[in-house]
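Participant: Give me coordinates for this.
(one chain, ligands or ions: 1)
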Amino acid sequence: MPSSHEEILLEENEKDERDINTFRRLWKYIRDYKMILVLAFLTLFFAAIIDLALPYFIKYGIDNYITIEYKFTYNQETQTFEQDPEGSWVYNDKNDKNVLINSNTNEVKEVDESLVRGIKNDNIDKITTFSLIFLLVLLSGIFFNYGQVFFSNLLGQKVIYRIRSDLFDHITKVQYKFFTQNPTGKITTRIVYDTQNLSEFFSEVLSSLLKDIAILIGVVILIFTLNVRLSLYTVITFPIVLIALYFFRIFDRRAYDRVRTRISIVNSYLAENISGSSVTTLFNQEERKKKEFNKHSTKLYKARIQQMYVFAIFRPAMNFLYFLTLAILLWFGSQGVREGFATFGTLYAFTSYVQMFFRPLFNIAEKYDIMQNAFASAGKIFKLFEAKHEYLGKGIKKDLEKGEIKFENVHFSYNKDEEKVLRGVNFSIKSTDRVSIVGETGSGKTTMIKLMSGLYEIDEGEIYFDGVPLYDYDLESLRRKIAVVPQDVFLFSGNIIDNIRLFNEDISEEEVIKASKKVFAHDIIEKLPEGYNTEILERGGTLSSGERQLIALARAVLFNAKIIILDEATASIDVQTEDLIQKALDKIADTTTIISIAHRLSTVKSSNKILVVHKGLVVEEGSHNELMDKKGVYYDLYKLQFEN
Ligand SMILES: Nc1ncnc2c1ncn2[C@@H]1O[C@H](COP(=O)(O)OP(=O)(O)OP(=O)(O)O)[C@@H](O)[C@H]1O
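Facilitator: Numbering: from 1, shown residues only. Have a look, this model is predicted:
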């Protein structure tokens, strides 16, 4: 078992799924866009072919139009020279004179201007056609390169969009337990940053890395087709390049993992401490926190430096290998031109191909990191998809009519191997009962409330609503009839009216006002700057807890809740607002079952039934007077509060 937060993170990162499973799941998304994928591959293929063709074109130009030797034979009959590639007379432009030199005898002959003009015109025509074709190839190169970047990015964005919305949809359906085990920051990171990392897989990996690989393979094939002997000299360094890449991969992955882990540790440390900064200040913990943070920060710094070493060695090593290959090529290539086993054009093409071969290798380091990042993120995203969905009941019964609740021998623990929080709870509440649940802190009161809403599945026993087991209901419909008003009511961004009618535009403003009036929320809302149209900021932080509770009560009344469960605020509500809440409850008590977790025993007297919870059991129940007479747990709690 990992002991510290740091160890948990370390372990989590080691368990990254970079395996084939991640790719298989990603493929499920990609295959829905087969057409775009095919277009991305086709454009990538043609873009690579054109890139590879360009040096070949230039070689062709050099060999055929620049370094070409025009050869002739002498026709004895017509007494003229005729162009013939096998001929022994070679045209040479010497000292502004048009001469032909016999390569066998070195005899020199001046030739007629018209012969030369013909050759030159013919040559210019060919060069023009050649240049036009070259331009056309260049333009189609731009087209295919654009297409390749466009389609792979389009595919990426479509896939990411689907993953992101599926993920959000999934998160809204997972069990409540999931949110207590996964901090909000982590879930947000998955939806925002991890999907972003994954999208880089498409923009960087799919679009350029695959093309780079195609070019690497293409270069090797092309040079061997062009000139085997020169190729053999050129690839002397390639095995060393492969070995360098192999070691780089090992060291970079190690360094990268270390950095990523350190970043997550620093991030989570920051998140925790920024949200708890007021506590840090109140308890004078700044110095200790600073030291702790510096410790984490130093480890991140060291991990970064180690990563830098890997890069610092890899890049110059690749650079060295590149120039070494060029030097070897020039050495043997120049001999080749002299000895005739290579043309000047071929030598040019080889230098271009060597450059083409090494160029992606310089960037491969960064791309490799992006790829690792993307796959690690994809692994984490898909892991999140494994979280179980909430069971929403059999759906046999939909509506709650009366609002009766019964707990029958309910056992419950948050985690299977942990001690039970509820150990056989029994009680029943009649409709329109007004019940208070009391008990010392940690006794299980809130847990009972969570079980009533079906947020967790119980281990043993049964919970009934109107005599029907909880899971026979359609839980979504049941929850509409149970309104939970916590101490800290959450309000959505939007205005007050929408928060009361839960963004259901079918409910009119008049109905909202009527419900608000019933629970005394109307006057308070009217006093706000824009009344019912006041925008909610920061989850409703600009409203007091009491005001928010009144808004939640108005919502409960509007939706005709049969059961209202309140977690009574301890000290965060002023006396006037608390009084209003009590009056509001009095007004709806005859149509609704009201259950309150009472922290202050002074508020329980209005209840006709008090449940006393002690160490996971309901140990006493009755009215205030009955329980006082009993002189049991309630009596002790009451005395304790009043003595305090
Ligand atoms: N999500 C959770 N995971 C694990 N244990 C939990 C969880 N929530 C509560 N507990 C534990 O269950 C026990 C009962 O908690 P519960 O919140 O029900 O107590 P409570 O009576 O409502 O206390 P309080 O009056 O302080 O709100 C406590 O020991 C608590 O630590």
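
Participant: Stretch 354-373: which residues count as buried?
Facilitator: 354, 356-358, 360-361, 364-365, 367-373 (16 or more other Cβ atoms under 10 Å). Backbone N, C-alpha and C define where each C-beta goes, glycine included.

Participant: what is the mean pLDDT for it?
Facilitator: Summarised as a single mean, pLDDT over stretch 354-373 is 82.

Participant: for stretch 412-432, same thing?
Facilitator: Rounded mean pLDDT across stretch 412-432 is 88.

Participant: quick one: buried residues of it?
Facilitator: When burial is assessed from 16+ other Cβ under 10 Å, stretch 412-432 yields the following buried residues: 412-413, 421-425, 427, 429, 431-432.

Participant: Which pair in the buried residues of stretch 354-373 has the greatest spatial separation?
Facilitator: Pairwise distances across these peak at 30.4 Å for 354 and 373 (criterion: Cβ to Cβ).

Participant: so what does the longest helix seen in the chain touch, helix or strand wise?
Facilitator: Secondary structure of the chain per DSSP state H: the longest helix is helix 113-173. The contact analysis (3 or more Cβ pairs under 8 Å, 6 or more residues apart in numbering; DSSP states H and E) places helix 113-173 against helix 20-30, helix 34-61, strand 80-83, strand 97-102, helix 195-200, helix 344-384.

Participant: Turn the ones you listed into JSON lines, columns for distance to residue 256.
Facilitator: As requested, the helices and strands packed on helix 113-173 are exported to JSON lines (distance: least, Cβ to Cβ, whole Å):
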{"stretch": "helix 20-30", "distance to residue 256": "17"}
{"stretch": "helix 34-61", "distance to residue 256": "26"}
{"stretch": "strand 80-83", "distance to residue 256": "63"}
{"stretch": "strand 97-102", "distance to residue 256": "64"}
{"stretch": "helix 195-200", "distance to residue 256": "13"}
{"stretch": "helix 344-384", "distance to residue 256": "6"}
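
Participant: list the contacts for the closest residue to residue 145 other than its chain neighbours?
Facilitator: In this structure, residue 145 finds its nearest non-sequential neighbour in residue 47, 4.6 Å apart by Cβ to Cβ, 6 or more residues apart in numbering. Applying Cβ atoms under 8 Å, 6 or more residues apart in numbering, one finds that residue 47 lies in contact with 141, 144-145, 147-148, 211.

Participant: Spell out the secondary structure type for the residue located most distally from the centre of the chain.
Facilitator: Distance from the C-alpha centroid of the chain peaks at residue 77, with 83.2 Å (Cα atoms, centre = their mean). Recorded secondary structure, residue 77: coil (DSSP: H, G, I helix; E, B strand; the rest coil).

Participant: Which pLDDT value goes with it?
Facilitator: For residue 77, the pLDDT comes out at 86.

Participant: likewise residue 463?
Facilitator: 93.

Participant: Specify the local secondary structure of it.
Facilitator: strand.

Participant: Excluding covalently adjacent residues, which one is nearest to it?
Facilitator: residue 470 (4.5 Å).

Participant: which ones are touching the one you found?
Facilitator: 393, 454, 462-464, 478.

Participant: ok, which pair from the buried residues of stretch 412-432 is furthest apart?
Facilitator: Distance extremes for the buried residues of stretch 412-432: the farthest pair is 413 and 432 at 32.5 Å, using Cβ to Cβ.

Participant: give me the element residue 414 is part of.
Facilitator: Residue 414 is part of no helix or strand, with elements assigned from DSSP states H and E.

Participant: That one touches residue 421, doesn't it?
Facilitator: Yes - if you go by Cβ atoms under 8 Å, residue 414 and residue 421 touch, sitting 6.3 Å apart.

Participant: how much space is there between residue 592 and residue 268?
Facilitator: For residue 592, the distance to residue 268 (Cβ to Cβ, to the nearest Å) stands at 43 Å.

Participant: So if I had to pick from these two, which one is more boxed in?
Facilitator: Ranked by neighbour count (other Cβ atoms under 10 Å), residue 592 and residue 268 place residue 592 first, with 23 against 19.

Participant: So the more buried one versus the ligand, what's the distance?
Facilitator: From residue 592 across to the ligand, the span is 22 Å (Cβ to the nearest ligand atom, to the nearest Å).

Participant: show me what contacts that residue?
Facilitator: 403, 432, 556, 561-564.

Participant: Looking at the nearest residue to residue 583 once chain neighbours are set aside now. What's its pLDDT?
Facilitator: The shortest distance from residue 583 to any non-neighbouring residue, by Cβ to Cβ, 6+ apart, is to residue 520 (6.1 Å). Predicted confidence (pLDDT) for residue 520: 87.

Participant: swap in residue 166?
Facilitator: 92.

Participant: With the one 4 residues further on instead?
Facilitator: For residue 170, the model assigns a pLDDT of 91.

Participant: what about it, how many neighbours?
Facilitator: 14.
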